[in-house]
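Engineer: Fold the following, please.
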Amino acid sequence: MAFMNSINIIGSGLTAQQLRLDVVAENVTNSQTTRTENGGGAYRRKMVVFEEVGGRNTFRAALARAAIGQKPVANSGVVPTAGGVRVTQIVEDEENPMKMVYDPTHPDANEEGYVELPNVDMVMEIADAMAASRAYSSNVTAFNTLKSVISSGLEIGR
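Structural biologist: Residues are numbered from 1 along each chain as shown. Model prediction:
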C-alpha cells in the first residue's frame, strides 16, 4: 500500500531530524568542555550525515528516462523500498579549528597560559537547530496531510 510507504518516508525524516536536534543539543551542552572522558583534549563539534534511501523510482531517474524519450517503467513485480532518509554517521568537525583563549588560571591551560576550547559556534548551532526543527515540522505537516487524505478516502466508502 502506497500510503504505508509514505508513512515510512515521513517517519524516517522525523527520526533523522530528531537525532540531528539531539546532536545540536550535545554540541551546545559541551560548548565549554575543555577535557573529554578519553583525555583527548577539548570537545569537538559533531555533525550528522544523512543519506537518501532509494525508493522504487527516483525523480531524477524518471526525468532522465523522459529526457531520452523512454516511457515510465511499470511495476516489475519487485517489491520496492519505501524511500526516505537515514543517518549514515555522526562525524566530528575537523574543518573548524579549536578556539584558543588566554586564561593562565584555568586548570587545563598549557605552559603559555592558553586553554583549548571546543570548536562549537553558537550561531551555527542555533541555525542547525532551527533548520532541523523546521524540517521536523514539515514532516509532521506531511503526516497530518496524509492522515487527512486517508480519512477522506475512507469517508468515500460510507
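
Engineer: who does the helix or strand bottoming out on mean pLDDT in the chain touch, helix- and strand-wise?
Structural biologist: The weakest-scoring helix or strand in the chain, judged by mean pLDDT, DSSP states H and E, is helix 59-67 (a mean of 77). Here helix 59-67 touches no other helix or strand, going by 3 or more Cβ pairs under 8 Å, 6 or more residues apart in numbering; DSSP states H and E. Backbone N, C-alpha and C define where each C-beta goes, glycine included.

Engineer: May I have the strands that pair with the very next helix or strand once past that helix, each with its orientation?
Structural biologist: The first helix or strand that comes after helix 59-67 along the chain, using DSSP states H and E, is strand 84-92. Note on strand 84-92: by DSSP bridges, its sheet partners are strand 46-53 (antiparallel).

Engineer: Flag the shaky bits of the protein, pLDDT-wise.
Structural biologist: 1, 55-59, 71-82 (pLDDT under 70).

Engineer: Now do the helices in it.
Structural biologist: Using DSSP state H, the helices of the chain run over 2-29, 59-67, 122-156.

Engineer: Check these for me and report the most buried one.
Structural biologist: When you average the neighbours per residue for each of these (mean count of other Cβ atoms under 10 Å), helix 2-29 leads with a mean of 17.
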